[in-house]
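Q: Mind looking at a prediction? Sequence and model below.
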Amino acid sequence: MMARVTVEEVMSIMDMRVQADKVPPFIDTASLIINTKVVPAYENEQDGEALLKQIELYYTAHLLTVTLYHTEVKLKGLDTETEYVNRFDKGLDSSFYGQTLKTLDYKKALINLEKSKATIASINTLAGVWSK
């Protein structure tokens, strides 16, 4: 099945500049996941195809945001400084687009998929710090 969204549509909702040539692989990935994991939940809905298009649009934007545009937050207090970068462990909550998806996906097809996700963690043995 072909993707429901175009590069131009994805770029139009992004709140940051995106190079057009970076978008197609993310559309393909989002489309594949939507078609295999989300369509079954919405295929008999009255406006299911329109809703699936919106879900695919926001899922593509979410994948782009968490992959290409990393959030960096620095917290300072007293004698300490903490830096958070690339919080992939937050799932759909890690971007505005993912949070919007949680509203669009009222049958929770993506949220249920997210619950079964794998996480990657590493141990930095030199510093003795556990990081996710």
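A: Looks like it arrived, so ask away.
Q: Who are the contact partners of Pro25?
A: Pro25 sits next to no residue when contact means Cβ atoms under 8 Å, 6 or more residues apart in numbering. All C-beta atoms are positioned from the backbone trio N, CA, C, and that covers glycine.
Q: That one and Leu64: what is the separation?
A: Here the criterion is Cβ to Cβ, to the nearest Å. By it, Pro25 lies 10 Å from Leu64.
Q: Equivalent analysis for Lys22, please.
A: 7 Å.
Q: now Glu9
A: 12 Å.
Q: Strands along this protein, start to end?
A: 72-77, 80-85, 122-124, 129-131 (DSSP state E).
Q: Can you tell me the centre-most residue of the chain?
A: His62 (3.3 Å; Cα atoms, centre = their mean).
Q: show me where pLDDT drops low in this protein?
A: By pLDDT under 70, the weakly predicted segments of the chain are 70-89, 114-132.
Q: Tell me, how many residues neighbour the nearest residue to Leu64 once chain neighbours are set aside?
A: Spatially, and ignoring its direct neighbours in sequence, Leu64 is nearest to Phe26 (5.0 Å; Cβ to Cβ, 6 or more residues apart in numbering). Look at Phe26: counted by other Cβ atoms under 10 Å, it has 21 neighbours.
Q: Please name the residues that touch Phe26.
A: Residues in contact with Phe26 (Cβ under 8 Å, 6+ apart) are 10, 60, 63-64, 67.
Q: from these, which would you call buried?
A: 10, 60, 63-64 (16 or more other Cβ atoms under 10 Å).
Q: can I get these in JSON lines with distance to Gly91?
A: Formatted as JSON lines, these follow (distance: Cβ to Cβ, whole Å):
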{"residue": "Val10", "distance to Gly91": "20"}
{"residue": "Thr60", "distance to Gly91": "16"}
{"residue": "Leu63", "distance to Gly91": "12"}
{"residue": "Leu64", "distance to Gly91": "15"}
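Q: which among those gets closest to Gln54?
A: Thr60 (10.8 Å; Cβ to Cβ).
Q: and the closest one, how far is that from Ser12?
A: 12 Å.
Q: Off-centre distance for the longest helix along the chain?
A: Scanning the chain for the helix with the most residues, using DSSP state H, yields helix 48-68. Relative to the centre of its chain, helix 48-68 is centred 8 Å away, using Cα atoms, centre = their mean, to the nearest Å.
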